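Undergrad: below is the sequence, then the predicted model.
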2 protein chains.
Amino acid sequence: MAKRSKTAITPTRQDNYPEWYQQVVRAADLAENSDVRGCMVIKPWGYAIWENIQRSLDQKFKETGHENAYFPLLIPMSFLEKEAEHVEGFAKECAVVTHHRLEPAPGGGLCPAPSAKLDEPLVVRPTSETIIGSTFARWVQSYRDLPILVNQWANVVRWELRTRLFLRTTEFLWQEGHTVHATEEEARDETMRILDLYAEFAENQMAMPVIKGEKTAGERFPGAVATYAIEAMMQDRKALQAGTSHFLGQNFARAQQIKFQNQQGDEVYAWTTSWGVSTRLIGGLIMSHSDDDGLIVPPRLAPAHVVLLPIYHDEDERSSVGSYCQKLQRRLAAENYAGESIRVRIDDRDIRGGEKRWQWIKKGVPLIIEVGPRDVAQDGIFLTQRQHGSGKGKSLPQNALVQDASKMLADMQQALYDRALLARKEATVRIDDLAEFERFFTPKNPDEPEIHGGLAYCHFHDGPVMEEKLKELKVTIRCVPLDAEEEPGKCIFTGKPSSRRGLFAKAY
Amino acid sequence: MAKRSKTAITPTRQDNYPEWYQQVVRAADLAENSDVRGCMVIKPWGYAIWENIQRSLDQKFKETGHENAYFPLLIPMSFLEKEAEHVEGFAKECAVVTHHRLEPAPGGGLCPAPSAKLDEPLVVRPTSETIIGSTFARWVQSYRDLPILVNQWANVVRWELRTRLFLRTTEFLWQEGHTVHATEEEARDETMRILDLYAEFAENQMAMPVIKGEKTAGERFPGAVATYAIEAMMQDRKALQAGTSHFLGQNFARAQQIKFQNQQGDEVYAWTTSWGVSTRLIGGLIMSHSDDDGLIVPPRLAPAHVVLLPIYHDEDERSSVGSYCQKLQRRLAAENYAGESIRVRIDDRDIRGGEKRWQWIKKGVPLIIEVGPRDVAQDGIFLTQRQHGSGKGKSLPQNALVQDASKMLADMQQALYDRALLARKEATVRIDDLAEFERFFTPKNPDEPEIHGGLAYCHFHDGPVMEEKLKELKVTIRCVPLDAEEEPGKCIFTGKPSSRRGLFAKAY
């Protein structure tokens, strides 16, 4: 094995990507498994990233006319039964509430009280189309009540057998938008407006390039007429679905009786949409940018842009270095990055300087600044820019840092995006032949974790033949990209004629 | 019955206060009952008030060193069993998850799948001391890990038999702070710091005067060593507990094994606190300020400070009035109130002007401004200041409005506080005699809703004799106010000696 420099995360991406991911999450103190099967604890550093995601998206939702509201966590079981495909899609993974009281158990401890059994079980919401739809049915009477543009920030529960922090957990946090429109066109426009909003957010805030596309029938949201998604490629060349926007047609309007009197005085069914992104985005953020030294957070979403680490050996130094750092914090906070103050933390915990520096590298703070007595004497600082790796620090005059900090952050944001886009381009292929498709998605050594595959654009004809082959190769069709050109071709699985290429990849 | 002017809300406070409350909530479009027993839908106007409450409190929590995190919704039943008083307090109102899948029922529809029964039931969190405590036990090893200062914004479920929008619902939204400290003193300091923070928030943001005090043993949080609360008086002279801060001693540390190595190298139990406020605050806000024309929102928490209502009769007028309003919106938004832009909405919905104005009066917007063609011609506006009631509008030059708007809002905030404080003073008494106590808390006509009673400061000796009498009168001891002076006296229920007065009231 070739010699290589030591990394803060073991194993490296190359050696074992899935395990590297878990170790990055742990080393950055983002989240951990809880005592409850499949549920995670989101720790302060991870939650602060989520808060920044929320803040940014929430502002965009409001700018586009949406209002927040809150709907019940618990949904009567009968509500799920109303939309046939919907129940099929979600019944298998519902947490079911059957009792409303505990009592002492005969053998000690507690048990659900038999006398407090619910007449109708309630499910913990896996998604809220049914309960929100039944509410909308009360709100909508006339065309004057439309559109309704509502969003909810909430927790949802979907019972998962195999879970992974952020990527797939039994409980997760998300936002779910639900809208009602008078016409099909308006509802379709809303679906695409949100898809664009998600893509813009992913690319500009998360620095994560995405492909917008429509899901094929088998991958649609249960009950939707059309599902659109943004798909990102992670560093292991697997795809991650990062957000979905559903045109629900009149399916849920019929199931929930969302009707209104139109301008002609006729009572007609409304058209609805729903759309969501979740804490899964944090998984996407981690896997888009982080390196073998740990997390890298894009500056736009970083809980801290800058961390200042005072270094001292006695009380005198502590005092002079401390006040130097406080002054520097004020100067940096007076600077503007992306329309806000630069966010600066001072870490003066009483632990070894080297350990402290590595903690912040692993947490992915964009600019890590060490200040010792010599820096104070020279009116300087020692700067590590996180995206350049852990080793490449440099000394700078304080004034130069303050003057350039905002630009450094903007450059880092852009560099992360460019790097991710380049990685995607390098792993993207057009394949017109099944044997090549199989080679592309087969690791050389199937017994070891190995980064392989990528994004393959192929002609296809949806159906059991394709499904069978994909299942065998553990590949999925991600979407039909919206920008796919009309192009005559043949399905690589069946030879049937095809007019547009689909996007295929292994996926999370 | 005396003649009186027509009000927007029927009945009035005087006629039937509980029903008036429901009607204010409905007329302001704050919330409604859902299809799920005891659970509410928080509508956009109500949720926007909650967002402002969140934003303000969240900032205060962060300024005092707390970080947000997120812990599981579902708690293993056995966790509740660990703290004896805690289980006693919450087991009776828990929603219990017993299955993780639905399947088709033999007779049609769905049922919980017998094969998916959980080995151990999970409860939907009624509060999170146990699950967070068990997490903290992993986080805390050494005194260097302390203090831990964490807050969570979350939903909780407590099965309630009698529910009332915002005041008591099966599901509600709240924040729950949980902290761990090395010493009793630090934990007690934290408990009081948060109590002060809550009081400051209630008084300065909600314009709701509160009394800080300690709960008696019977009213303590299950498992706490000491519970402190802020108590407010509503316009019907009933008390509302608006926030609580608990010193938990080492009870939960023992139950959850939160131990650490102190500076001397000994392993010792930590000291913990917890504290919370909920969507109940919105109930308190409504009942502190609103009048017989509907909601009044204190400006600091108003989703809109100003609403502009363009009035026009044809397209020409619509255009000139519309652009006048847009310009005014920009001018007002450039003004600063309480450190932020003045929040201005234009309501140009196509409905009758009178109806529109009344909708905003009932929603409680501080400044309601009508603009018609004549106002445009005179460079003026017509202003209604919500706290002065619905009828007292006046014409003003546009410049005068822009110049004074911020001060009007500040004055209104202060006026609401002063009015609430005055009402409380007028309804506060010192009582030294049981017969007088009984008279004070007995309505003249027990068959009709009637505003009566108030806050009574009395000497007391806690115990079954007092409890029995209070139960009979439907009165509760709210707290022993922190500012109660040492004063020799005799318990009005038992004659036993007492050194401080407690605060008694009917309560929500």
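TA: That came through fine. All values derive from a computational prediction rather than experimental measurement.
Undergrad: how about whichever residue of the stretch 151-300 of chain A sits closest to chain B, secondary structure?
TA: Nearest residue of the stretch 151-300 of chain A to chain B (C-beta to the nearest C-beta) works out as A:Trp159 at 4.2 Å. For glycine as for every other residue, the C-beta is placed from the backbone atoms N, C-alpha and C. Recorded secondary structure, A:Trp159: coil (DSSP: H, G, I helix; E, B strand; the rest coil).
Undergrad: can you report how many residues lie near it?
TA: 22 (other C-beta atoms under 10 Å in any protein chain shown).
Undergrad: A:Val41 too?
TA: Neighbours of A:Val41 (other C-beta under 10 Å): 23.
Undergrad: surely it is within a strand?
TA: Yes - per three-state DSSP, A:Val41 lies within a strand segment.
Undergrad: pLDDT weak spots in chain A?
TA: A:1-5, A:390 (pLDDT under 70).
Undergrad: what's near enough to touch the most centrally placed residue in it?
TA: The centre of chain A sits closest to A:Leu281, judged by C-alpha atoms, centre = their mean, with a distance of 0.9 Å. Contact partners of A:Leu281, counting by C-beta atoms under 8 Å, 6 or more residues apart in numbering or on different chains, are A:Ile53, A:Ala202, A:Met206, A:Ala242, A:Gly243.
Undergrad: now do the contacts for the nearest residue to the third one once chain neighbours are set aside.
TA: Nearest-residue entry for A:Met206: A:Leu285, 5.5 Å, with adjacent residues in sequence omitted and distances by C-beta to C-beta, 6 or more residues apart in numbering or on different chains. When contacts are counted by C-beta under 8 Å, 6+ apart, A:Leu285 touches A:Ile49, A:Met206, A:Met208, A:Val297, A:Pro298, A:Leu301.
Undergrad: on the three-state scheme, A:Leu285 is what?
TA: helix.
Undergrad: which ones among the contacts of A:Leu281 lie within strands?
TA: A:Ala242, A:Gly243 (DSSP state E).
Undergrad: make CSV out of the contacts of A:Leu281 and add neighbour count.
TA: Shown next, in CSV, are those (neighbours: other C-beta atoms under 10 Å in any protein chain shown):
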residue, neighbour count
A:Ile53, 23
A:Ala202, 25
A:Met206, 28
A:Ala242, 25
A:Gly243, 28
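Undergrad: before we move on, back to that, how would you label the residue nearest to the centre of chain A: helix, strand or coil?
TA: Following three-state DSSP, we place A:Leu281 in the helix state.
Undergrad: how close does it sit to A:Ala505?
TA: 18 Å (C-beta to C-beta, to the nearest Å).
Undergrad: repeat that for A:Thr244.
TA: Distance from A:Thr244 to A:Ala505, by C-beta to C-beta: 16 Å.
Undergrad: same deal with A:Asp314?
TA: For A:Asp314, the distance to A:Ala505 - C-beta to C-beta - is 57 Å.
Undergrad: who's more crowded, the two?
TA: A:Ala505 (25 against 8).
Undergrad: now the strands for the stretch 201-350 of chain A?
TA: Applying DSSP state E, counting those that start in this stretch to the stretch 201-350 of chain A gives strands spanning A:211-214, A:226-233, A:239-247, A:259-261, A:267-269, A:271-278, A:306-310, A:336-337, A:340-341, A:344-346.
Undergrad: surely A:Thr279 touches A:Glu171?
TA: No - contact criterion C-beta atoms under 8 Å: A:Thr279 and A:Glu171 do not qualify, at 9.5 Å.
Undergrad: which residues touch A:Val277?
TA: A:Val277 neighbours (C-beta under 8 Å, 6+ apart): A:Ile53, A:Leu57, A:Trp174, A:Gln175, A:Tyr198, A:Ala242, A:Gly243.
Undergrad: which two of those have the greatest separation?
TA: Farthest apart among the contacts of A:Val277 by C-beta to C-beta are A:Gln175 and A:Ala242. That separation is 13.2 Å.
Undergrad: would you mind giving the domain segments of chain A?
TA: A:17-289, A:306-404, A:428-505 (automatic domain parsing).
Undergrad: need the ones you listed in a markdown table with distance to B:His305, can you?
TA: Listed next are these as a markdown table, based on distance: least, C-beta to C-beta, whole Å:
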| stretch | distance to B:His305 |
| --- | --- |
| domain A:17-289 | 16 |
| domain A:306-404 | 23 |
| domain A:428-505 | 41 |
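Undergrad: please identify the most buried of these.
TA: Highest mean neighbour count of these: domain A:17-289, a mean of 21 (counted as mean count of other C-beta atoms under 10 Å in any protein chain shown).
Undergrad: first-to-last residue distance for that one?
TA: Terminal residues of domain A:17-289 lie 13 Å apart, using C-alpha to C-alpha, to the nearest Å.
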